[in-house]
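**Student:** Quick one: sequence and predicted model below, then my questions.
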Amino acid sequence: MTAAARLRDIVADLIHEVGFAAHGLHVRVGDTVAQHRWTPDEREEIHSVTKALCVLAAGIATDEGRISLDEPVAHIVTARAEDVTFRHLLSMSSGIDLPWSPTMMTDWPDLAEEFLSRPSRGRAFQYSNASTYTAMHVLAQRVGDIEEYLRPRLFAPLGWDDVSWSRCPHGRVLGGEGVALRTEEMARLGHFLRDRGIWRGRALLSPGIVDAMHAGWTATGSETDGYRRYALAGWDGPGDAWRLHGAFGQLIVFAGDAVVTVTADDHTGADAIAAFIAEAATGS
């Protein structure tokens, strides 16, 4: 039995035992792969895992010399807080107070304009889709439509040729959500990130961009394992792992050479599953 199959069986058994509402499981350890399904293999919203695509868009634009992650966005658009950078927006550390709400895309005439009109409290952490959405609005001023920009640079190489990104009333990509993938399609993102931006022998972006997704941490103020620190779309933990985490249990957990991808519909059970995966992957 391969290392991936052993880890798959351990995780699948636990999911069965606790009744976690998983849809799909994909495990890669080294070059070995194993999968398991509980529901038909259909595309589903990956929620905040989409934030990683925003980081990759900014990273590719950095590689191409179109922006710098540390460039103040006020150099590109009007912003009240003149020192806020792309890195701050993508790491939720701009200090701009605009918490998440289910209607945030329509609460103001222009969410990005509203966000940028507010003052910054310094490098304070606040998790909000408004921050990622605003980053993509600003980036679009340099690269054009974000989905079309990524299509030949990331989507096509990963085999996501017909994937689309949901949009706000202004026609902009939502940023922190709005992409639907199958479990295995999302696992390709995990494989790509584990290998630091290399896909099938081809470097699609600089490895330092991927490294920044789990380094240079911002303290969140939380005391919960897995939520104490946040970087560029990545959460530190559980344990020695790091992860991308979308609502309702969309997970990509990175632990050494292992990357475990889960799609689900179980918001409250996801933290325990992520912790179990991290422990099992480290011990496998």
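**Tutor:** Received the coordinates, thanks.
**Student:** okay, now the domains of the protein?
**Tutor:** Structurally, the chain divides into domains by automatic domain parsing as follows: 3-46+179-283, 47-178.
**Student:** Dump the ones you listed into a markdown table; add mean neighbour count as well.
**Tutor:** (Each C-beta comes from the backbone N, C-alpha and C, glycine too.) Putting the domains of the chain into a markdown table (neighbours: other C-beta atoms under 10 Å) gives the following:
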| stretch | mean neighbour count |
| --- | --- |
| domain 3-46+179-283 | 19 |
| domain 47-178 | 19 |
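**Student:** Include mean pLDDT when you put the ones you listed into JSON lines, please.
**Tutor:** Supplementary listing: the domains of the chain in JSON lines, determined by pLDDT from 0 to 100:
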{"stretch": "domain 3-46+179-283", "mean pLDDT": "97"}
{"stretch": "domain 47-178", "mean pLDDT": "96"}
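**Student:** Can you give me the first-to-last residue distance of stretch 264-275?
**Tutor:** 16 Å (C-alpha to C-alpha, to the nearest Å).
**Student:** and what of stretch 116-135?
**Tutor:** End-to-end distance of stretch 116-135 (C-alpha to C-alpha): 10 Å.
**Student:** what's the spacing between it and its chain's center?
**Tutor:** 17 Å (C-alpha atoms, centre = their mean, to the nearest Å).
**Student:** does residue 281 belong to a helix or a strand, and which?
**Tutor:** helix 270-283 (DSSP states H and E).
**Student:** so what secondary structure elements neighbour that helix?
**Tutor:** If you count contacts as 3 or more C-beta pairs under 8 Å, 6 or more residues apart in numbering; DSSP states H and E, helix 270-283 packs onto helix 3-18, strand 242-246, strand 250-255, strand 258-264.
**Student:** try 6 Å this time
**Tutor:** Judged by 3 or more C-beta pairs under 6 Å, 6 or more residues apart in numbering; DSSP states H and E, the packing partners of helix 270-283 are helix 3-18, strand 250-255.
**Student:** Check the offset of stretch 151-164 from the chain's centre.
**Tutor:** Mean C-alpha position of stretch 151-164 versus that of the full chain (C-alpha atoms, centre = their mean) differs by 16 Å.
**Student:** again with stretch 248-266
**Tutor:** On the basis of C-alpha atoms, centre = their mean, stretch 248-266 sits 11 Å off its chain's mean C-alpha point.
**Student:** per-residue confidence at residue 284?
**Tutor:** Among the per-residue scores, residue 284 holds a pLDDT of 49.
**Student:** For the helices and strands packed on helix 270-283, give me TSV that also has distance to residue 35.
**Tutor:** Shown next, in TSV, are the helices and strands packed on helix 270-283 (distance: least, C-beta to C-beta, whole Å):
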stretch	distance to residue 35
helix 3-18	7
strand 250-255	14
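**Student:** ok, back up a step: the helix holding residue 281 versus strand 250-255: what angle between them?
**Tutor:** On the basis of axes from the mean of the first three to the mean of the last three C-alpha atoms, to 10 degrees, helix 270-283 is oriented at 30 degrees to strand 250-255.
**Student:** List the contacts of helix 270-283.
**Tutor:** 10-11, 14, 20, 238-241, 243, 249, 251, 253, 255, 258, 260 (C-beta atoms under 6 Å, 6 or more residues apart in numbering).
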